[in-house]
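Asks: structure for this input, please:
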Amino acid sequence: MRDIELYQQILGLVEPWTVTRVELSVDQRRVDVWVGHPRRVRFACPEPGCEHGQLPVRDHSDEREWRHLDSMQFLTYLHARPPRVQCPTHGVRQVRLPWAEPMSRFTLLFERLAIDVLRECHVEAAAWLLRVSWDEAWHLMQRAVARGLAAKPTTAPARIGVDEKAAGRGQDYLTVVCNLDTGTVEYLADERRQASLDGYFTQFTDQQRQRIEAVAMDMWEPYTASVRAHLPDPDEKIVFDRFHVMRYLTGAVDTVRKREHKALSRAGDATLAGSKYLWLYSAENLPDRWADRFAALRAVDLRTGRAWAIKESLRHFWSYQRRGWAAKHWRRWYFWATHSRLQPVIDAAHTLKRHEAGLLSYFNHRITNATAEGLNSRIQAIRANGRGYRNRDNLKTAIYFHCGGLRLYPQTHGNPG
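Replies: This next block holds a predicted model:
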């Protein structure tokens, strides 16, 4: 009887549930605990909001077992035959068990432990620590994500970031929508088409979408088209990310360097040889060890030097405190860039001109996609820890689990979790 009383206390069972039998197998290193209830006990219908109160037991399902927290070094399993009731409204239903969620093979406390372990290490290591199979570990993660997504309120964040993330080799992408204020992933979709982002907006009502104040993004046209199709006053809400804009212009500088280096090399001039990465730095980020060489390069009358100076001038655009002064700087910069006789820079300037509204809207919201870039780094780490994901759904599950800010834990009911 002592073992029954012991597990009654350990499991925290309350009426009408009691431990009826405990078996210890030293050879198999496991403990099996059977749980039951007295006859003529009544249970509530498990459907939310059911008003029929306590109902008599109709029958019992077949015996099931649930993995529980280990007893010292011994695996521990709960066994029970779940009772079923006949509800006048909902028909025959299995009652809610206090130690496990419906359709789960694990107790609530074990699921909570598994979530903590899965948060700290990759699935393979978690499976080894928990002494479950790889499939069971993934099942626990999937249940946690499904639980969190179901409990998530359907409200649109005020400020979101939209970016794409490589999900595999080649042109294989995920569209990632994040909450810029909480730093969490809000939505994931395959590819980077307009329809990929449309799915995020269509989950909200028109009134809910009006709550979105700003969208930080790059100048990818399908994303822009999606925002314009679903948000009112899109030109006031789209904010083109400064880091993507500068990356675009840096590419133009590199194109100028390649062409000039090729022309100089034909004449036997190696001035630009080995200087590729020097021109990609911003002025304040240039390593000290390259300062002298870069200063010497800039002192030479090079087309690449002029392109770099134009690129660096645009960086000051985001330092203004007033939109009017920023607009004045933009107009001067645009004139300089388009009259530079550097075709890659001219092309880049024309592209930015078409997105001028999204550049100037920065001064209404002052947001960037730095949060999304940080999440992309975390997603890359998730991919690396998982040694790649051939299953796209598994990758999405892992991203939501680690970056979604979801309520992953199952709710306890006052009995064993």
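Asks: how's the chain carved up into domains?
Replies: 1-99, 159-241+368-385, 242-365 (automatic domain parsing).
Asks: highest average neighbour count across the ones you listed?
Replies: domain 159-241+368-385 (a mean of 18; mean count of other Cβ atoms under 10 Å). C-betas here are computed from N, CA, C, even on glycine.
Asks: that one: end-to-end distance?
Replies: In terms of Cα to Cα, to the nearest Å, the two terminal residues of domain 159-241+368-385 are separated by 30 Å.
Asks: re earlier: so for His122, which of the domains of the chain sits nearest?
Replies: Closest approach to His122 among the domains of the chain is made by domain 159-241+368-385 (4.2 Å; Cβ to Cβ).
Asks: can I get the domains of the chain in TSV with mean pLDDT and distance to Ala151?
Replies: Listed next are the domains of the chain as TSV, based on pLDDT from 0 to 100; distance: least, Cβ to Cβ, whole Å:
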stretch	mean pLDDT	distance to Ala151
domain 1-99	92	13
domain 159-241+368-385	91	14
domain 242-365	94	30
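Asks: you'd agree His261 is up against Ala273?
Replies: Yes: in this structure, His261 is within contact of Ala273 by Cβ atoms under 8 Å, at 7.1 Å.
Asks: partner residues bridging the residue nearest to the spatial centre of the chain?
Replies: For the chain, Val185 is the residue whose C-alpha lies nearest the centre (Cα atoms, centre = their mean; 3.3 Å). Listed by DSSP bridges, the beta-bridge partners for Val185 are Cys178.
Asks: which residues does it contact?
Replies: By Cβ atoms under 8 Å, 6 or more residues apart in numbering, the contact set of Val185 is Val176, Val177, Cys178, Leu375, Ile399, Tyr400, Cys403, Gly404, Gly405.
Asks: identify those among these that sit within helices.
Replies: Among the contacts of Val185, the members falling in helices (DSSP state H) are Leu375, Ile399, Tyr400, Cys403.
Asks: which one of the residues you listed is nearest Val33?
Replies: Tyr400 (33.6 Å).
Asks: the closest one - nearest residue in space that isn't next to it in sequence?
Replies: Val145 (4.7 Å; Cβ to Cβ, 6 or more residues apart in numbering).
Asks: got it, and Asp70?
Replies: Nearest residue to Asp70, sequence neighbours excluded (Cβ to Cβ, 6+ apart): Thr76, at 5.7 Å.
Asks: what's near enough to touch Trp290?
Replies: Trp290 neighbours (Cβ under 8 Å, 6+ apart): Leu278.
Asks: this protein: strands as residue ranges?
Replies: Under the criterion DSSP state E, strands of the chain are mapped to 18-25, 30-36, 42-44, 54-60, 64-71, 74-80, 83-87, 91-94, 159-166, 173-179, 184-190, 214-217, 238-240.
Asks: which strands and helices sit next to the fourth one?
Replies: Think strand 54-60. Counting by 3 or more Cβ pairs under 8 Å, 6 or more residues apart in numbering; DSSP states H and E, the packing neighbours recorded for strand 54-60 are strand 42-44, strand 83-87.
Asks: outside of that strand, which residues touch it?
Replies: 40-45, 81-87, 92.
Asks: identify all contacting residues around stretch 93-113.
Replies: The contact list for stretch 93-113, computed with Cβ under 8 Å, 6+ apart, reads 11, 13-14, 17, 35, 43-47, 61, 65-69, 78, 80, 82-85, 87, 114, 130, 136, 139-140, 143-144, 147, 409-417.
Asks: quick check: the gap between Trp279 and Asp254.
Replies: 7 Å (Cβ to Cβ, to the nearest Å).
Asks: which neighbours do these two share?
Replies: With Cβ under 8 Å, 6+ apart as the test, Trp279 and Asp254 reach no residue in common.
Asks: what angle separates the lengthiest helix in the chain from strand 159-166?
Replies: Assignment by DSSP H gives helix 242-266 as the longest helix of the chain. Interaxial angle, helix 242-266 versus strand 159-166 (axes from the mean of the first three to the mean of the last three Cα atoms, to 10 degrees): 40 degrees.
Asks: what's helix 242-266 packed up against?
Replies: helix 276-280, helix 303-315, helix 343-354.
Asks: out of the ones you listed, flag the one nearest Trp333.
Replies: helix 303-315 (5.6 Å).
Asks: using PDB, write out every CA atom in the closest one.
Replies: Extracted C-alpha coordinates of helix 303-315, given in PDB (Å, rounded to 0.1, in the frame of the first residue of the first chain):
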ATOM      1  CA  ARG A 303      35.500  55.900 -61.200                       C
ATOM      2  CA  THR A 304      35.100  53.400 -58.400                       C
ATOM      3  CA  GLY A 305      36.100  56.100 -55.900                       C
ATOM      4  CA  ARG A 306      33.400  58.400 -57.200                       C
ATOM      5  CA  ALA A 307      30.800  55.600 -57.000                       C
ATOM      6  CA  TRP A 308      31.800  54.800 -53.400                       C
ATOM      7  CA  ALA A 309      31.500  58.500 -52.500                       C
ATOM      8  CA  ILE A 310      28.000  58.600 -53.900                       C
ATOM      9  CA  LYS A 311      27.100  55.500 -52.000                       C
ATOM     10  CA  GLU A 312      28.500  56.900 -48.800                       C
ATOM     11  CA  SER A 313      26.600  60.200 -49.300                       C
ATOM     12  CA  LEU A 314      23.300  58.300 -49.400                       C
ATOM     13  CA  ARG A 315      24.000  56.800 -46.000                       C
END
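Asks: on contacts alone, who are the packing partners of it?
Replies: By 3+ Cβ pairs under 8 Å, 6+ apart, helix 303-315 packs against helix 242-266, helix 276-280, helix 291-299, helix 323-338, helix 343-354.
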